[in-house]
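[1] Kindly return the folded structure for what I paste below:
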Amino acid sequence: MSGISWKRTVLALLLFGAAFGYLEAAVVTYLRALHEPARQRFYPGRPAAELFPLLTLEQLRAAGPEQQRTLAAELGREAATILMLAAVAMTVARNAGEWGAAFVIAFGVWDLTFYIFLKVLLDWPASVFTWDILFLIPVPWAGPVLAPVLVSIAMIAAGVWHLRTPVRIGPAHWFAILLGAGVIVVSFAMDYRNLMAGGMPQRFNWWVYAAGLGIGLGSYATAARGRLRRAAAVAVTVLVLSGVRAVAADERSKVPSDRSADTYAVYSAVLAHPSLSHPDGNEKYLVQEVSGEVRENEPQSCISVPEPYRTSLAEVLADRMQVYEKRFLLERAFKIPKQYELITAEQAKQFGSLRFSPGHSTDEVELFRGATDVISLGHVYFDKRRILSAVYTWAFCGSLCGYGTWRLFPAMTKASGRNNTGSPA
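    Take a look at the predicted model:
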């Protein structure tokens with residue numbers, strides 16, 4: 001394209017994409033209001049800003065024909081959206097390369113401005129790590145908002161550059177670019193079975209997503225020459241670094257190796273005989289996957305030890321000051337006879353929502369079946385010689401059903417599990 005025409009084309013695509021982004025945000029505003037009564041019927045008290053869990057197909061059928069017609073209309077609207085973006089790109093393109101460039105510009109701007117206008121209209125999302133339903137065809141796509149935003153930025157940058165300085169893309173590069181796009185789609189759709197069953201989103205697989213983004217951008221970069229190749233390489237670097245930061249923000253570190261064995265020995269002793277507010281009727285235990293999320297009672301007010309352990313207790317409390325603010329992602333390393341599941345914070349919320357909802361049961365979700373409590377584990381704190389350790393645990397089983405206590409373990413090698421009197425949280 002000439003110096004004037006490519007700029008005019010980009011400006012037109014930017015304006016169309018932004019206007020279409022507002023239109024999309026407005027439609028979603030109406031849709032959320034339309035679906036909210038059905039959501040409240042099945043998940044009463046669930047904040048409107050929390051999109052998950054999704055209503056299952058059975059719940060939609062139970063909600064009435066209007067909800068089913070709305071879903072069908074939404075699927076048609078999504079397909080029509082892609083056709084409109086493709087058609088607009090076709091009107092400004094003279095060949096397949098320009099059409100592809102125009103399409104990704106319009107798509108990227110539409111997607112970015114959609115989130116901007118949603119923030120204006122609904123004050124949503126709360127952050128770039130808030131999960132969103134991205135698409136419903138052919139199955140639900142979902143992921144943190146940051147993921148589609150990074151893809152949109154890459155699409156806009158590549159599209160504008162291609163219109164300014166066309167890149168000759170051969171069949172092999174086209175194949176690799178489309179492969180990268182397919183891998184990204186897979187990263188969004190990996191959890192669709194769980195979402196369609198009414199489950200909360202599992203942890204997003206940033207590594208699969210980053211692989212797809214890297215394949216796509218890398219293929220475009222290798223097809224380019226000169227300054228474009230260097231610019232594409234810079235773009236890949238920036239987006240990969242952004243993805244690494246996203247992984248760091250989204251994932252928790254594991255229990256440090258120098259504490260791991262003793263920590264899991266204590267956790268195993270705790271879960272062999274968990275402190276509950278009722279007789280233990282759990283067929284399996286649901287344990288929150290991140291330690292340290294539970295709000296601990298101050299140990300000084302509820303822990304007492306015999307004189308020989310006073311110095312050790314002071315060291316345990318000093319260790320707590322160093323570790324308390326951290327969060328560790330737990331592994332399946334508990335040595336207990338009973339079955340257990342590590343669950344996310346969102347799944348724990350879903351468990352609580354079902355327990356609060358009249359006429360509903362946690363047995364409606366396969367993951368929760370057979371469990372009556374969600375157990376949250378605090379960090380394990382040690383003295384210097386590891387002859388005394390302390391851990392706070394909290395077990396939740398309903399609106400007026402929960403119990404928290406400190407537990408002391410005077411000898412790590414025996415993991416005796418001696419329990420102090422504690423105090424309910």
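[2] Give me the below-cutoff pLDDT ranges for the stretch 51-200 of the chain.
    Across the stretch 51-200 of the chain, nothing is flagged by pLDDT under 70.
[3] can you map out the helices along it?
    Along the stretch 51-200 of the chain, counting by DSSP state H, counting those that start in this stretch, helices occupy 57-63, 65-92, 96-122, 146-164, 171-189, 192-196.
[4] I'd like to know how far Asp319 sits from Arg385.
    12 Å (CB to CB, to the nearest Å). Where you see a C-beta, it was placed from the backbone N, CA and C, and this is true even at glycine.
[5] cool, and Glu66?
    Taking CB to CB, one finds Glu66 at 67 Å from Arg385.
[6] what comes up buried for stretch 174-188?
    Trp174, Ala176, Ile177, Gly180, Ala181, Val183, Ile184, Ser187, Phe188 (16 or more other CB atoms under 10 Å).
[7] Between these, which sits nearest Lys335?
    Ser187 (33.8 Å; CB to CB).
[8] Please name the residues that touch that closest one.
    Applying CB atoms under 8 Å, 6 or more residues apart in numbering to Ser187 gives the contacts Gly143, Ala147, Phe204, Asn205, Trp206, Val208, Tyr209, Gly212.
[9] What sits closest to the third one if chain neighbours are left out?
    It stands for Phe204. Excluding the flanking residues, the one nearest Phe204 by CB to CB, 6 or more residues apart in numbering is Gly143, at 5.3 Å.
[10] where does the stretch 301-425 of the chain have low pLDDT?
    301, 399-400, 412-425.
[11] ends of stretch 330-344, how far apart?
    With CA to CA, to the nearest Å as the measure, stretch 330-344 spans 11 Å from end to end.
[12] Tally up the residues packed near Met31, please.
    Not quite, residue 31 is Leu, not Met. Neighbours of Leu31 under the rule other CB atoms under 10 Å: 14.
[13] measure Tyr403 to His173 for me?
    61 Å.
[14] the inter-axis angle of the lengthiest helix in the chain versus helix 96-122?
    In the chain, taking DSSP state H as the definition, the longest helix is helix 3-42. Per axes from the mean of the first three to the mean of the last three CA atoms, to 10 degrees, the angle that helix 3-42 makes with helix 96-122 is 50 degrees.
[15] which residues in the stretch 201-350 of the chain form helices?
    206-223, 226-250, 257-272, 310-323, 345-356.
[16] Quick one: list the elements packing against the shortest one.
    By that I understand helix 345-356. strand 284-288, strand 374-382, strand 389-398 (3 or more CB pairs under 8 Å, 6 or more residues apart in numbering; DSSP states H and E).
[17] so of the ones you listed, which one's packed in deepest?
    strand 374-382 (a mean of 25; mean count of other CB atoms under 10 Å).
[18] what angle sits between that one and strand 284-288?
    Going by the same axes, to 10 degrees, strand 374-382 makes 60 degrees with strand 284-288.
[19] Partner strands of strand 374-382, with direction?
    Strand 374-382 pairs in its sheet with strand 284-288 (parallel), strand 389-398 (antiparallel), by DSSP bridges.
[20] what distance separates the first one from the centre of its chain?
    Looking back up the chat, that one is strand 284-288. The chain centroid and the centroid of strand 284-288 are separated by 20 Å, computed with CA atoms, centre = their mean, to the nearest Å.
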